[in-house]
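K.L.:
predicted structure and sequence below. I'll ask about it afterward.
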Amino acid sequence: MYQIKKDRLPELFAAMAGAQDLFLPIRKADQTNYGLWTEEVQVDLDTLKTVKSGKDCFFPQSETLYSCKNEDGKLSIDPAKLTDEPFVVFGMRACDVQGLKVLDNVFLNDPVDSFYAARREHGTVVAIACHEPEETCFCKVFGIDAANPASDVAAWFVGEDLYWKALTEKGERLTESVKELFTDGDDTAVEEEKKQIQAIIEKLPYSHLDLSRFTPEKTMELFDSPLWEEMYQPCLACGTCTFVCPTCQCYDIKDFNTGSGVQRYRCWDSCMYSDFTMMAHGNMRTSQMQRFRQRFMHKLVYYPANNDGMFSCVGCGRCVSKCPASLNIVKVIKKLGGEA
Amino acid sequence: MERAKELLTDGTVVRVLGWKQGDLGYNPEPAYFNSPEELADFVYDGFCGANLSKYMIQAGKMERNTLVFLKPCDTYSFNQLIKEHRVNREKTYIIGVGCKGTLDIDKIKNAGIKGIESISQDGDMLKIQTIYGEKEFPFDDALLERCTVCKGKTHLVYDELIGAQEGEEAGPKGNRFEMVEKLEAMMPKERFAFWQNELSKCIRCNACRNACPACSCLKCVFDSNKFDSAQKANVDTFEEQMFHVIRAFHVAGRCTDCGECSRVCPQGIPLHLLNRKFIKDINEFYGPYQAGEDTDSRAPLTDYMFEDVEPSVVTERGGKH
Amino acid sequence: MGECTCGGNHKSDMLIPMIGVITDIRTETPDVKTFRVVGRDGKKLFEHMPGQCAMVSVPGVGEAMFSITSSPTNKEFQEFSIKRCGSLTDVLHGMNPGDEITVRGPYGNAFPVETALKGENLLFIAGGIGLAPLRSVINYVLDNRENYGTVEILYGSRSADDLVQLEEIQQVWCKTDGVDVYLTIDREQEGWDGHVGFVPSYLKEIGFTTDKKVLVCGPPIMIKFVLAGLTEMGFTKEQIYTTLELRMKCGIGKCGRCNIGSKYVCKDGPVFRFDEIDELPPEY
């Protein structure tokens, strides 16, 4: 365990950023999102949840896959360069880290998505324990411990100090590179902090949702529930929930004509959008009810069926605070019988 | 709510569109109630910000009549939709509900109030129970921006009123064009930086468009696969600006300034400023006009009059800075 | 989908395509053309199994999944029978031999020609462009004739002009021993002396015995009635295979749009047995 005074954090950031790109929560135009650290940015570690999750750093909202040129009828393809430089993501929370594991199951399973894999390989994550969890949080439901973020490095803010503990080899390497800024830390304060966090989490209104009903065997029963028809009604069919979600991984592949060639890029997509399943000859999900159902069935039933019961939700609560119509996965879970 | 029960029971309407109690004290959702029993969950408080006029576009296509609760400013949107033949007035029973202003939970949270369990009003103050103890927050400071420049407390279209007082003085009322004027006074470079900073946060979730009562197209041009600026992703920063600018142009002269776009934006982009710029320009060029104020006048942008400004006004103004 | 079969031809990722050269284009019907594709080196792009698909693209226009209609036993090239029905297929239909496209694949599972179907009597039922994926199996079976029992093919289309691969059907399939071909068109037409009527009703008229496995592909409505007909005739769902078509972008079970229940049609399908489909939410 190491320790550094909060007011020396700029030095820590500068040291890390000196050796590699450093991404962390940055306040810009009244909102906090992950961004690249420079001396000018306003780092914001007080906001519990960034608007977009840190998934951006590993699975960007849009990225070029390859460029294509057509010269006199001859095509040439130039694949985009994979990330080959190390980088650090500082400030993720336990839920966001679990979000990456959900994505890993998708992108790192055969056939491996090399764009994502390269970023995962080169990225080191420093996750911070949640000093003051909020009412929208329900990570506990998914077995996540916000007091013990399981990433490369776990960190805790206690009083005027940041405590730092490497948990993986990557984390050790990062720690080694900035060690001279740290002093040796004592576990006591951190243990106390952990207890406090866990006590608060117990009291959170969503901490005791019951997910036992959501099993693969119940697929058809849940799918056919008449409650979807009622639940989806306020849904405006925007993509807010999908785009702020740390586990949503659906993407689209599109072309951008640069004038001198074509960039084929992929970008986040949303199953809430009407054209998500649109084909030249028809659409298999014609109503918003069907699209709404797909999103939640995928998170609560389909994904777990393929991933040993791991849910594709980490309880970060971003959809809870961001949905324009105040719908969210918690309301769905409760409605379908998951009220504690 | 009692009145809604009566109207449901006597068959005047078959469904009620209102707001349903949420589970956090500040997250009620728009909801249809189909029976008097379901109305038990009905709620109306400062967090019922959603403008239900938007939902009436769909409800108008459903069978039989719908009862809808509209706040004063929501009625401007409803009127505008009548004008555009997007809602069915005959199939709508409107109860105008009084409004003391709608609240922005983010303003409360940004003040560092976390772990909210319940919120109640006590005079000018909001009493907020949190896991971290009881907190207070001034009601007026929690108002959504749109409510600080309230259009007034008068319902423009309704079948009956509940809790509303005709001609009641609007709440805090500032100059809604203040920020627009500030932006106009900026040097182009500075103004560009302002918008770039704001719009670079956009995640293209389309919440602004989907919540907007003026965005009533069955299929949006941004949903076309044949269009390079299709939804979902920004190829570059230029594009994210284009999405919002094109949208603002499309609702120009029809936007009632209901403020839903800014309310729903997950990134807190002050989108209403783009619309207000258009409103301000229209007012200056064609005389004061408030979209949604009536259902039969001709809109300034579709009406041609001898006194209309010449297109050259653009270049003339452009020369100012 | 098992071991990579492209022989290191793909670059760093399954999403990066190969360049394919169109060497031949046959006009099958007024709106279907069959494209023959090889790599720039004149060789086959990759090996595949019958029923598998590939992503074909014209950069700047789009990319879409098409079933490979040629048989794996063909060692020279791959063929795609493509119906003109959208922006990408419009452009493809306007292309000429020598033009280049991009191809990636093969994707998805295949008809179990080496396992569950081996040694069995086979009945193929296809409607319209639905013959495209089945043609790959039929030719595979005919090229490995000794491994299979009787082969019956029931194929129908809107009109005689809409029958795909008619030349091959008449010149090859009809002339192969132990192969019975039944053709039908929806409405009477001058110059057509064959059967007239929809595929499902013709199916019942012929009245096949149930000692066989059935492979069906065609428009959803035809599949629905064929399935009802087969069930009536005593076939079980375990005997019937089909191939689904959904919107796909990645082809490798990640982009999410062909997800039905816990399955991804591009990866777990497109070939499904009907009892498997029954377990899926009805969203195909």
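P.N.:
Structure received.
K.L.:
to what extent is A:Arg318 buried, counted in neighbours?
P.N.:
25 (other CB atoms under 10 Å in any protein chain shown). In this view, the C-beta of every residue, glycine as well, is placed from N, C-alpha and C.
K.L.:
oh sorry, the question was meant for B:Phe192
P.N.:
By other CB under 10 Å, the residues close to B:Phe192 number 12.
K.L.:
what about it, helix or strand, and which?
P.N.:
In the assignment (DSSP states H and E), B:Phe192 maps to helix B:188-199.
K.L.:
again with C:Pro200
P.N.:
In the assignment (DSSP H and E), C:Pro200 maps to helix C:199-206.
K.L.:
next one, pLDDT for A:Ser225 please.
P.N.:
On pLDDT, A:Ser225 comes in at 93.
K.L.:
how much space between the residue nearest to it when sequence neighbours are not counted and C:Leu92?
P.N.:
Spatial nearest neighbour of A:Ser225, excluding adjacent residues (CB to CB, 6 or more residues apart in numbering or on different chains): A:Leu336 at 6.5 Å. Taking CB to CB, to the nearest Å as the measure, A:Leu336 falls 45 Å from C:Leu92.
K.L.:
and for C:Thr23?
P.N.:
From C:Thr23 to C:Leu92 the distance is 14 Å (CB to CB).
K.L.:
ok, C:Phe77 next?
P.N.:
According to CB to CB, C:Phe77 stands 16 Å off from C:Leu92.
K.L.:
looking at A:Leu336 and C:Leu92, which is more packed in?
P.N.:
With neighbours defined as other CB under 10 Å, A:Leu336 and C:Leu92 compare such that C:Leu92 has more, 25 against 20.
K.L.:
now do the contacts for that one.
P.N.:
C:Leu92 makes contact with C:33, C:35, C:56, C:58, C:82, C:84, C:101, according to CB atoms under 8 Å, 6 or more residues apart in numbering or on different chains.
K.L.:
tell me the pLDDT of the residue of chain A positioned farthest from its centre.
P.N.:
Largest separation from the mean C-alpha position in chain A: A:Asp72, at 43.8 Å (CA atoms, centre = their mean). The per-residue pLDDT reported for A:Asp72 equals 86.
K.L.:
please, which helix or strand holds A:Glu132?
P.N.:
A:Glu132 belongs to no helix or strand when assigned by DSSP H and E.
K.L.:
what residues are up against it?
P.N.:
By CB under 8 Å, 6+ apart, the contact set of A:Glu132 is A:48, A:200, B:114-115, B:132.
K.L.:
give me that answer again for 6 Å
P.N.:
When contacts are counted by CB atoms under 6 Å, 6 or more residues apart in numbering or on different chains, A:Glu132 touches B:Lys114.
K.L.:
then C:Ile125?
P.N.:
C:Ile125 neighbours (CB under 6 Å, 6+ apart): C:154, C:216, C:226.
K.L.:
so what sits opposite it in the bridge?
P.N.:
When bridges are called by DSSP bridges, C:Ile125 pairs up with C:Leu154, C:Val216.
K.L.:
for it, give its distance to A:Arg293.
P.N.:
Distance, C:Ile125 to A:Arg293, by CB to CB: 32 Å.
K.L.:
repeat for B:Glu63
P.N.:
23 Å.
K.L.:
what about those two, which has more around it?
P.N.:
Ranked by neighbour count (other CB under 10 Å), B:Glu63 and A:Arg293 place A:Arg293 first, with 25 against 8.
K.L.:
so what's the more buried one closest to, chain neighbours aside?
P.N.:
Excluding its sequence neighbours, the residue lying closest to A:Arg293 (CB to CB, 6+ apart) is A:Trp228, at 4.7 Å.
K.L.:
following the host helix or strand of that neighbour, which helix or strand comes up?
P.N.:
Applying DSSP H and E as the criterion places A:Trp228 in helix A:227-231. Toward the C-terminus, helix A:227-231 is succeeded by helix A:240-244 as the next helix or strand (DSSP H and E).
K.L.:
quick one: that next one near chain C?
P.N.:
No - Helix A:240-244 lies apart from chain C when judged by CB under 6 Å from any CB of the partner chain; the minimum separation is 10.1 Å.
K.L.:
show me what that helix is packed against.
P.N.:
helix A:318-322 (3 or more CB pairs under 6 Å, 6 or more residues apart in numbering or on different chains; DSSP states H and E).
K.L.:
now check the following helix or strand past the helix it packs on, is it near chain B?
P.N.:
Downstream of helix A:318-322, the next assigned helix or strand under DSSP H and E is helix A:329-333. No - using CB under 6 Å from any CB, helix A:329-333 never reaches chain B; the gap is at least 6.9 Å.
K.L.:
how about the residues of the stretch 101-250 of chain A that lie near chain B?
P.N.:
For the stretch 101-250 of chain A, the contact set with chain B under CB under 6 Å from any CB comprises A:132, A:134-135, A:200, A:203, A:233-234, A:236-240, A:243-244.
K.L.:
give me the ChimeraX select line for those, limited to the buried ones.
P.N.:
Here is the ChimeraX command that selects the buried residues among these (16 or more other CB atoms under 10 Å in any protein chain shown):
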select /A:132,134,135,200,233,234,236,237,238,239,240,243,244
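K.L.:
now tabulate the residues of the stretch 101-250 of chain A next to chain B in a markdown table and tack on pLDDT.
P.N.:
A markdown table is the format used below for these (pLDDT from 0 to 100):
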| residue | pLDDT |
| --- | --- |
| A:Glu132 | 93 |
| A:Glu134 | 94 |
| A:Glu135 | 95 |
| A:Ile200 | 95 |
| A:Lys203 | 93 |
| A:Gln233 | 92 |
| A:Pro234 | 93 |
| A:Leu236 | 93 |
| A:Ala237 | 91 |
| A:Cys238 | 93 |
| A:Gly239 | 92 |
| A:Thr240 | 95 |
| A:Phe243 | 94 |
| A:Val244 | 96 |
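K.L.:
nearest to A:Trp268, of the residues of the stretch 101-250 of chain A next to chain B?
P.N.:
Among those, A:Phe243 lies closest to A:Trp268 (CB to CB), at 6.1 Å.
K.L.:
so what's that closest one up against?
P.N.:
By CB under 6 Å, 6+ apart, the neighbours of A:Phe243 are B:203, B:205.
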